[in-house]
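Structure, please.
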Amino acid sequence: MRIVFMGTPDIAATCLTKIIEDGFNVVGVYTQPDRPKNRGMKLAFSAVKEVAVAHDLPVFQPENFRDEETVDTLRQLQPDLIAVVAYGRILPQSVLDIPGKGCINIHASILPEYRGSAPYQWAVLDGKKETGVTAMYLCREMDAGDIIDVSKTPIEPNETAGALLDRLAVLGADLLSKTITNIAGGTANSVPQEHEKATYAPMLDKTMCPIDWNKTAQQVHDHVRGMNPWPVATVEFAGKRFKVYETAIVATEPEAAPGTVLGLTKTGLRVACADGVVEIRLLQAEGGKRMAAPDYFRGHPLEL
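The predicted model follows:
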């Protein structure tokens, strides 16, 4: 079975590596064009392109599939199946119609929950206890295709979105390999989504960064976890802005007005929330390095 793979970031690279190692016939790899990266702004390969180049696979990087020539190039690869993981491009019907066995996608949520571009982040932001990955057939509507299979996993209480993604990448790679095997063997089944139960996970942005201390301690903790590694939760103390990377809930009873700094301990800086206390344990001052909160504030005391 001839497979074309489409994807861009690390989770997609993990999935591509898995199906290559499992011996599937990948005849072409599509990924987004090289982009400027880091301070030098030099063009950099996507994670998927790095894997494809390392395995001598043909790489294609169109901006989109709006012109017939680009679609025809894909058609000439004669794929039986197109596998998509975090490609970052909407596929038009002209592409979906090419492979005889369809286009499949690995999505980082338990569909129909969290359709959209930031599913695992919103699962953490919303304090969910469980998430997973879904294998589905692609259709014209975003993340609305028939479900083939699902793999679930608990979300740990202190797990960040980034750490969760690392685990979902492995789970998704295994599910993709299993799904391709079942499709090739004619044993893959699918069921329509319950569209009335759909929820959406829009892309995160920097306007969401500031911590709202009027929320509960659990909500503040989940906010910090869900915004890590990007765009990262922020807070201001004495007119100085900090990125907050790690927190812990240390009390469930309010001790002062929300946002009140209660003091520095050996493990962190304690701040009052709506219903309790959160301790900031890892942060980064503007222009500084990421540090344990006690280490930073011993050298830069706050006036309480």
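
wait, is Asp174 part of a strand?
No: looking at Asp174 with DSSP: H, G, I helix; E, B strand; the rest coil, it is helix, so not inside a strand.

so where do the strands sit in the stretch 1-150 of the chain?
Secondary structure of the stretch 1-150 of the chain, counting by DSSP state E, counting those that start in this stretch: strands at 2-7, 25-30, 35-37, 42-44, 59-60, 81-85, 103-107, 130-137, 147-154.

Return the distance of the second one from the chain's centre.
It stands for strand 25-30. Relative to its chain's centre, strand 25-30 lies at 23 Å (CA atoms, centre = their mean, to the nearest Å).

and what of the fourth one?
The chain centroid and the centroid of strand 42-44 are separated by 22 Å, computed with CA atoms, centre = their mean.

In the sheet, which strands lie alongside it, parallel or antiparallel?
strand 35-37 (antiparallel) (DSSP bridges).

just the first one next, same as before
Based on DSSP bridges, the pairing partners of strand 2-7 within the sheet are strand 25-30 (parallel), strand 81-85 (parallel).

which stretch in the strands of the stretch 1-150 of the chain is the model least sure about?
Sorting the strands of the stretch 1-150 of the chain by mean pLDDT places strand 35-37 lowest, at a mean of 82.

what's the offset of that one from the middle of its chain?
Distance of strand 35-37 from its chain centroid, counting by CA atoms, centre = their mean, is 19 Å.

Give me the contact list for that strand.
Lys42, Leu43, Ala44, Ser46 (CB atoms under 8 Å, 6 or more residues apart in numbering). Backbone N, C-alpha and C define where each C-beta goes, glycine included.

What of stretch 180-191?
For stretch 180-191, the surrounding residues in contact (CB under 8 Å, 6+ apart) are 1, 3, 19, 24, 81, 83, 101-102, 104, 136-137, 146-149, 179.

Asp174 reaches Cys15, doesn't it?
No: here Asp174 does not reach Cys15: they are 9.1 Å apart, not a contact under CB atoms under 8 Å.

ok so, going back, any chance of the contacts of strand 35-37 in a markdown table, plus distance to Glu194?
Below are the contacts of strand 35-37 laid out as a markdown table (distance: CB to CB, whole Å):
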| residue | distance to Glu194 |
| --- | --- |
| Lys42 | 46 |
| Leu43 | 43 |
| Ala44 | 40 |
| Ser46 | 34 |
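
so can I have TSV of those residues showing distance to Val232 and neighbour count?
Output for those, formatted as TSV (distance: CB to CB, whole Å; neighbours: other CB atoms under 10 Å):
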residue	distance to Val232	neighbour count
Lys42	24	10
Leu43	26	10
Ala44	21	14
Ser46	22	25
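
Leu283 belongs to a strand?
Yes: under three-state DSSP, Leu283 falls within a strand.

of the contacts of stretch 180-191, closest to Ala233?
Taking CB to CB as the measure, Ala233 lies nearest Met136 of these, at 31.6 Å.

residues touching the closest one, list them.
The contact partners of Met136, by CB under 8 Å, 6+ apart, come to Ile104, Asn105, His107, Leu111, Asp143, Gly145, Asp146, Ile147, Ile148, Ser190, Gln193.

Of Asp174 and Cys15, which one has the most company?
Ranked by neighbour count (other CB atoms under 10 Å), Asp174 and Cys15 place Cys15 first, with 28 against 16.

Show the contacting residues for the more buried one.
Going by CB under 8 Å, 6+ apart, Cys15 touches Phe5, Gly7, Ala83, Val85, Ile106, Ala169, Gly172, Ala173, Leu176.

In this structure the fourth one contacts Thr179, no?
When you say that, I think you mean Val85. No: taking contacts as CB under 8 Å, Val85 lies outside contact range of Thr179: 11.3 Å.

list the residues that contact both of these two?
By CB under 8 Å, 6+ apart, the residues touching both Val85 and Thr179 are Ile106.

Show me the beta-bridge partners of Ala272.
Beta-bridge partners recorded for Ala272 (DSSP bridges): Val277.

isn't it right up against Glu253?
No: with contact defined as CB under 8 Å, Ala272 does not count as touching Glu253 (10.2 Å).

Check the burial of Asp56 by counting its neighbours.
7.

Could I get the pLDDT score of it?
As predicted, Asp56 sits at a pLDDT of 98.

Return the backbone torsion pair for it.
Dihedral pair for Asp56: phi 60, psi 40, per degrees, to the nearest 10.

Distance-wise, check it relative to Val29.
Between Asp56 and Val29 the distance is 11 Å, computed by CB to CB, to the nearest Å.
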